[in-house]
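Asker: how would this look folded up:
(chains A and B, ligands or ions: 1)
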Amino acid sequence: MKMREINAKQITDAVSDLCMKANFDIPDDVIQVIKKAYQEEPSPQGKDVLKQIIDNDEIAHNEQVPMCQDTGLAVFFVELGQDAHIAGGLLNDAINDGVRKGYKDGYLRKSTCNPFTRKNVGDNTPSIIHVEVVPGDKVKIIMAAKGGGSENMSRVMMMKPSDGLEGIKKYIIDRVRESGSNPCPPIIVGVGIGGTFERSALIAKKSLLRPLGTPNPDPELDKLEKELLTSINKLGIGPMGLGGRTTALAVHVIVEPCHIASLPLAVNIQCHSARHKEITI
Amino acid sequence: MTDILKIKTPLTDEVVSKLKSGDSVLITGVMYTGRDAAHKRMIDALNKGEKLPFDIQGQIIYYVGPSPAKPGKPIGSAGPTTSYRMDAYAPTLIKLGLKGMIGKGWRAKDVIDACIKYKAIYFGATGGAGALIARAIKKADIIAYDDLGPEAVRRIEVVDFPAIVINDAFGNDLYVKGVEQYKQTI
Ligand code: SF4
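Answerer: Modelled structure (predicted):
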């Protein structure tokens, strides 16, 4: 079987473009759900906030400027076809070069820093790269710009197996309640259940990539997602925490098997600036 | 739309006393920007007996780390950052005369108490509305801590900057009140 060659430079250019587009253009599925929430929100202040968000995202798109000043850490989900060969450089280098270029050319904020000195790295690298090898000879790159405000409200909790589904539901709802206005509600709640400590966090983040408004392929999980969403929207937090019914736009759940001793649970909170863009090369 | 009050900076005790939790406001005048690293430096400066980079009397600090300005624009996108990270520093600044803070998210009891004691306001702005809010910022100049990049202290001139009173000087908290009003039993 012959390998298909993909040039590293091509990846760099594509990534640079993804970084800018993701930050300028709110995904259609997200803005549609926000517009629907605007129609239904009973709180006048909540409605004002949703209107500002809709106007803001329109300005960002029209003027090609970032919708939020926190243009995030650049998170990548790469699906690398096992018959594809990256030529002329390393995949990770190609992606980070693309981030450097995109964040510079797009006037995006550079937000990576040294954890102790807090000194800014200056070019928004290193990015966070998750690679999965898949069948085929193509490479699919999904870029997600993840802001700090909502990421800070996320948690991984090693639950006890005896906590069961009820314990899981309670933890998720409490997490949203305690986060309050901090993560810029309306939010999307990504939930990862199972795997290991780090795997639960990864699938929680991955669940955020599913288009809003699409059902969970598993009917039981779909029911769970809807039940959680209804409960969360009864918390009263509302847009930007000013009080209202639109606290979350969606809850997405991914479940995987775990160790007989464990019940890992990750809750990854995503703000309404749910920015991601993808390309297949 | 809810009713909107127009206010000017610097804030006086008289204006602060009129503002109630839940009021929508449009702010015009000069404000200063500062977030995590700038606050740490300002407090370090005070501890060393040095002066703050600007006269804080009656001022508003906007918790923001803007994105870079495109050519011809005063500033890039400029929405609020989460405020609780400044809670450790805010009471000291309020005591020195700071009259307003703009950010998003709940504040610690210390900050709310300082707002009551020294008459100051915590305003909320819409997080993630950075492109929209930037339109209210007409001028921006870095005045301190240039090396902090997005976290440098900027003097900004704003016209009709949209915000809402979260914590007033009387101990009211919109985050508590608003949630109470819309909460349903689960
Ligand atoms: S939580 Fe999201 S919308 Fe809010 S400031 Fe951060 S990146 Fe922007």
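
Asker: show me what contacts the closest residue to the ligand within chain B?
Answerer: Closest residue of chain B to the ligand, C-beta to the nearest ligand atom: B:Gly128 (2.8 Å). Where C-beta positions appear, they are placed from N, C-alpha and C, glycine not excepted. B:Gly128 makes contact with A:Ile53, A:Asn56, A:Met67, A:Cys68, A:Gly147, A:Cys184, A:Cys271, A:His272, A:Ser273, B:Gly79 under the criterion C-beta atoms under 8 Å, 6 or more residues apart in numbering or on different chains.

Asker: and the residues you listed near the ligand, which?
Answerer: A:Cys68, A:Gly147, A:Cys184, A:Cys271, A:Ser273, B:Gly79 (C-beta under 6 Å from any ligand atom).

Asker: in this structure A:Lys51 contacts A:Tyr38, no?
Answerer: Yes. The pair A:Lys51 and A:Tyr38 qualifies as a contact (C-beta atoms under 8 Å) at a distance of 6.3 Å.

Asker: let me see the backbone angles for residue 39.
Answerer: Because you didn't say which chain, this covers chain A. Main-chain dihedrals, A:Gln39, degrees, to the nearest 10: phi -60, psi -40.

Asker: the intended chain is chain B.
Answerer: phi -60, psi -40.

Asker: can you tell me the closest non-neighbouring residue to it?
Answerer: B:Tyr89 (4.2 Å; C-beta to C-beta, 6 or more residues apart in numbering or on different chains).

Asker: that neighbour: how many residues sit nearby?
Answerer: 21 (other C-beta atoms under 10 Å in any protein chain shown).

Asker: again with B:Asp147
Answerer: So B:Asp147, with other C-beta under 10 Å, has 9 neighbours.

Asker: roughly how far does it sit from A:Gly194?
Answerer: From B:Asp147 across to A:Gly194, the span is 45 Å (C-beta to C-beta, to the nearest Å).

Asker: how about the contacts made by A:Tyr107?
Answerer: Going by C-beta under 8 Å, 6+ apart, the list of residues near A:Tyr107 reads A:Val65, A:Pro66, B:Ser67, B:Pro68, B:Ala69, B:Lys70, B:Gly76.

Asker: which helix or strand contains it?
Answerer: Following DSSP states H and E, one finds A:Tyr107 outside all helices and strands.

Asker: and the nearest residue to it once chain neighbours are set aside, what's its pLDDT?
Answerer: Among residues not flanking A:Tyr107 along the chain, B:Pro68 sits closest, at 4.5 Å (C-beta to C-beta, 6+ apart). With respect to pLDDT, B:Pro68 scores 96.

Asker: A:Glu225 should be in a helix, yeah?
Answerer: Yes. The assignment for A:Glu225 (DSSP: H, G, I helix; E, B strand; the rest coil) places it in a helix.

Asker: how far does the lengthiest strand in chain B sit from the chain's center?
Answerer: Identified as the longest strand of chain B according to DSSP state E is strand B:153-167. Distance, stretch centre to chain centre, for strand B:153-167: 6 Å (C-alpha atoms, centre = their mean, to the nearest Å).

Asker: swap in stretch A:179-189?
Answerer: 13 Å.

Asker: output that stretch as PDB, restricted to C-alpha atoms.
Answerer: Output in PDB follows, covering the C-alpha atoms of stretch A:179-189 (Å, rounded to 0.1, in the frame of the first residue of the first chain):
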ATOM      1  CA  SER A 179     -19.700  27.900  38.700                       C
ATOM      2  CA  GLY A 180     -22.600  30.500  38.600                       C
ATOM      3  CA  SER A 181     -21.800  33.400  36.400                       C
ATOM      4  CA  ASN A 182     -18.000  32.700  36.100                       C
ATOM      5  CA  PRO A 183     -17.900  30.600  32.900                       C
ATOM      6  CA  CYS A 184     -20.000  33.100  30.800                       C
ATOM      7  CA  PRO A 185     -23.400  31.300  30.700                       C
ATOM      8  CA  PRO A 186     -25.200  30.200  28.700                       C
ATOM      9  CA  ILE A 187     -22.800  27.200  28.700                       C
ATOM     10  CA  ILE A 188     -22.400  23.800  27.100                       C
ATOM     11  CA  VAL A 189     -21.700  21.100  29.600                       C
END
